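**Q** Based on what follows, work out the 3D shape:
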Amino acid sequence: MVTLSNRQLLRHLDGLRAEFVRRRITVTEVARRCGISKGHLSDVLHGRKSMTDRLARDIAFATGIPLRAILAGEEQGNDGG
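**A** Numbers count the residues shown, from 1 in each chain. From the prediction side, this is the model:
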């Protein structure tokens, strides 16, 4: 398992939040669609809690963002980028 640096992770999560904005979906709405609290999703998006595989799939389903884009931070860590 590859671990991203804090900087890489936060940059990736910033990009995910920016994608929500681009798609005009609020964090509150994403959380509602995923069946979790806004606070929990906010903690994940700010790197205070880990994103599980299940949450990544739920976010992909709820937003239409491809799962591979949500998991891109891990993929980026695998190839050193």
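**Q** CA atoms for contacts and neighbours, from now on please.
**A** Fine.
**Q** where do the strands sit along the protein?
**A** Per DSSP state E, the chain carries no strands over any range.
**Q** Where does pLDDT dip in it?
**A** Residues of the chain meeting the criterion pLDDT under 70: 1-4, 73-81.
**Q** the helices in it, which residues?
**A** Applying DSSP state H to the chain gives helices spanning 6-22, 27-34, 38-45, 53-63, 67-70, 72-78.
**Q** Dump the ones you listed into a markdown table; add mean neighbour count as well.
**A** Formatted as a markdown table, these follow (neighbours: other C-alpha atoms under 10 Å):
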| stretch | mean neighbour count |
| --- | --- |
| helix 6-22 | 15 |
| helix 27-34 | 18 |
| helix 38-45 | 17 |
| helix 53-63 | 16 |
| helix 67-70 | 16 |
| helix 72-78 | 16 |
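**Q** check contacts around Val30.
**A** Applying C-alpha atoms under 8 Å, 6 or more residues apart in numbering to Val30 gives the contacts 59, 62-63.
**Q** Closest one of those to His12?
**A** Set against His12, the nearest of these by C-alpha to C-alpha is Ile59 (14.5 Å).
**Q** Once you drop chain neighbours, what's closest to the closest one?
**A** Excluding the flanking residues, the one nearest Ile59 by C-alpha to C-alpha, 6 or more residues apart in numbering is Cys34, at 6.4 Å.
**Q** again, but for Ala62
**A** Distances taken as C-alpha to C-alpha, 6+ apart place Arg33 nearest to Ala62, at 5.7 Å, with adjacent residues excluded.
**Q** Ramachandran angles for Thr52?
**A** Backbone torsions for Thr52, taken as degrees, to the nearest 10, come to phi -80, psi 160.
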